[in-house]
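Undergrad: no sequence on this one, just coordinates:
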């Protein structure tokens, strides 16, 4: 058997299955017709333009962007010190702490959203917006800790020790030695967190209030009512955005080294 | 490693408290909901849940689909991962990028695509009819098949990534050596590749199984109310009947099944190792 | 970009606080159906008049009631529109307050059955709809509710889930076609259960049907007349059945949440929505059939609505109290016979 040929056949089939549907979505979005269909009925960009005219998409895009950016930043603010502590200090009960911090990854998102709604938002009268923000932060925290930890483990401790011996404070050593060296890891964690948060559905399913929805939830609601290709167009635009960010990150910081 | 425990604790505490207060506490209360009755603590909610034939069907369907998706993705994953590692380094990196690409695309978009492809007038049916394999379009949407296909596409990349990482750590000449010694491909896989990549299989298997079990959008859109899975049942119980006890039971089942899957796979991996 | 983000962020976090701070905000809870039209014809014009802001929450009735119930101590929603039986359920739970109809200048113009369908002025009907079967006239003919389970439609029909507003009425009519007389749904539920494999899906939102029809997944489904607009121009030959057993249907009502503290503005909004002008606009856009008897529309429009006192009086409706009281046992039967 020609092993080169079989290699390419296997890869070709796998990629067709994995990426083919996405190409079909793009093609369907370019349709000039009014219905989602493949092959498209004529070509036009009108559905891409329509995406920008739907007001609820604009509002929910803002919400999702805000959550993805500031939720990830908040997770990093909490996660970087934790990662630093866990890789550099003997923390009492380190395993328990690790388990607690990474628990949001283990529990299904829909349960997180429901639990927050029922036992946090409603009894404490917290706004849905704040709950969404906190939930997304909690969700990204495990990624932030893990990715940043990985990049700290690669950093040799003796540089910090040298700095400390030369009279640097511990914070000074962290700021001057550690931080510059884990920049790539932090950026990688940010991107991973951003993409995770932006595409997140189950957590946000129960956490939506009057006039407040994340973009994926809004897309589901829209496509239940309208069977036009604008959701396909929006999906394509979002995918290009995500892919663009990830590729840029790969190019400039070598994202895959950290993930 | 620094010795100062106090500083370590102080640095780790904000994150731990945050996760505990905002996450473990509400989830814990939700999970306890099913054990609390008017007369005290009880397991009766679980008995009631499993007494319903509908709930049994949903439970076994979820288990079946998640297992099937994990198993099939392992088979395809091994073939694809082996193909990827056998490429020269530059195309290997590119191919790896292409395989991970779908992970960057919103699950809503990916599921939506299947709606178009699997429909009665969709792409798959058109091709099958054109090829003369079937006479009239067949129903794929709102069946377990549709949910299976959707889940497989959603989670296969995770399996491939895990297996590729595992294979990259495999000694380079292990496979050629076994071939020279006269082993056929099945023997090579069973005696060489599988033992050397089982960690990757455990990680990938857990990710795919857990992911399939807890996916919401795919069963919701491609399965609908006729192919309920635990996650869609949970959503329906809460939104339709405000039934938090059922939600609590389902939540517990999902968490327990995820953990068991992980333990079981780890067990299998070490069992092979010790032999 | 950054400004948009900052604004979005600020509104995200401050939304609930802002809603309470600005006294000219009205928060309403409505069906997710036809929101673009409602915004253009109802919300935007009202915002102009009152100088206030309308915040809209959408979703199905049960989801929205669950949220109203969860927040009953500090109501977020000021007014909501619900089905009659859901409104009655909410009223029984003490989530609603009587509407001061004396303050509604348009109340007298409504059809009698819309004036106080729940008793105690707990709700005011603002639209009716007939429920019948929408079908592909090139593929099948539907003359009876029993045709839904006919061999021609096997594998080509969607049925409303029992938990939807269309579910019980559709089962009720199916029961009539099978010779039942009362609101006992045992026989029709059993019949649907036997044919469950022939039913493509049990739909939860009627909006979903347009897509299924378009993709030729289904040829027929019981549906409320309010959704007819989604089908009639989809490029396929569509028809609205007039079954031998008649048509069923429902009424939607406006309700006022208890202790919302925003009663004046909510009343003003209700009155606006019930006015001849707005009811006519909604009718002409084929969004909602009018409950205001003064609304006059062209024959063309009327043909697409549930219009006129006569039509309304012919609808064979399940009483809201029946639906509310029987719902649990229907659901139980449904879960054992149909979902299996």
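TA: Yep, it's here. This structure is a prediction, so every number in the text was calculated from the model and none was measured.
Undergrad: could you list the domains of the chain?
TA: Since no chain was named, I'll use chain A. When chain A is parsed with automatic domain parsing, its domains come out as A:1-44, A:54-257.
Undergrad: meant chain C, my bad for not saying
TA: Partitioning chain C according to automatic domain parsing yields domains covering residues C:2-128+C:250-313, C:129-249+C:318-339.
Undergrad: can you flag the weakest of those domains by average pLDDT?
TA: In terms of mean pLDDT, the lowest-scoring of the domains of chain C is domain C:2-128+C:250-313 (a mean of 86).
Undergrad: say whether chain B is contacted by it.
TA: Yes - contact between domain C:2-128+C:250-313 and chain B, assessed by CB under 8 Å from any CB of the partner chain, occurs at C:60, C:62, C:63, C:66, C:69. (Glycine included, C-beta is placed from N, CA and C.)
Undergrad: which of these fall within helices?
TA: When the residues of domain C:2-128+C:250-313 next to chain B are checked against helices (DSSP state H), the matches are C:62, C:63, C:66, C:69.
Undergrad: make a markdown table out of the domains of chain C and add mean neighbour count.
TA: A markdown table is the format used below for those (neighbours: other CB atoms under 10 Å in any protein chain shown):
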| stretch | mean neighbour count |
| --- | --- |
| domain C:2-128+C:250-313 | 19 |
| domain C:129-249+C:318-339 | 20 |
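Undergrad: circling back to that earlier point, quick one: which of the residues of domain C:2-128+C:250-313 next to chain B is nearest residue A:181?
TA: Comparing those against residue A:181 with CB to CB picks out residue C:63 as the nearest, at 49.4 Å.
Undergrad: distance of that closest one relative to residue A:195?
TA: For residue C:63, the distance to residue A:195 under the criterion CB to CB, to the nearest Å works out to 29 Å.
Undergrad: with residue C:150 instead?
TA: Noted for residue C:150: a distance of 49 Å to residue A:195, by CB to CB.
Undergrad: again, but for residue C:292
TA: If you measure residue C:292 against residue A:195 using CB to CB, the figure is 51 Å.
Undergrad: same deal with residue C:211?
TA: Here the criterion is CB to CB. By it, residue C:211 lies 28 Å from residue A:195.
Undergrad: if you average the pLDDT over stretch B:130-142, what comes out?
TA: On average, the pLDDT along stretch B:130-142 is 88.
Undergrad: the closest residue in space to residue A:84 that isn't next to it in sequence: which element?
TA: Nearest in space to residue A:84, with sequence neighbours left out and distances taken as CB to CB, 6 or more residues apart in numbering or on different chains, is residue B:11 at 6.0 Å. In this structure, residue B:11 is located in helix B:5-19 according to DSSP states H and E.
Undergrad: ok, and what's touching that helix?
TA: The set of residues external to helix B:5-19 that reach it, using CB atoms under 8 Å, 6 or more residues apart in numbering or on different chains, is A:78-79, A:81-82, A:84-86, A:88-92, A:97, A:100-101, A:103-104, A:137-138, A:141, A:145, A:170, B:2.
Undergrad: quick one: which of these sit in strands?
TA: Secondary structure assignment (DSSP state E) places none of these within strands.
Undergrad: restricted to buried residues, select the residues you listed in PyMOL.
TA: Those of those that count as buried under 16 or more other CB atoms under 10 Å in any protein chain shown are selected in PyMOL with:
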select buried, chain A and resi 78+79+81+82+84+85+86+88+89+91+97+100+101+103+104+137+138+141+145
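Undergrad: count of neighbours near residue B:188?
TA: Neighbouring residues of residue B:188 were enumerated by other CB atoms under 10 Å in any protein chain shown; the total is 18.
Undergrad: and it, that's in a strand?
TA: No - read with DSSP: H, G, I helix; E, B strand; the rest coil, residue B:188 is helix and lies in no strand.
Undergrad: who's in contact with the closest residue to residue C:304 other than its chain neighbours?
TA: When the adjacent residues along the chain are set aside, residue C:304 lies closest to residue C:286, with 5.3 Å between them (CB to CB, 6+ apart). By CB under 8 Å, 6+ apart, the contact list for residue C:286 reads C:228, C:229, C:301, C:304, C:305.
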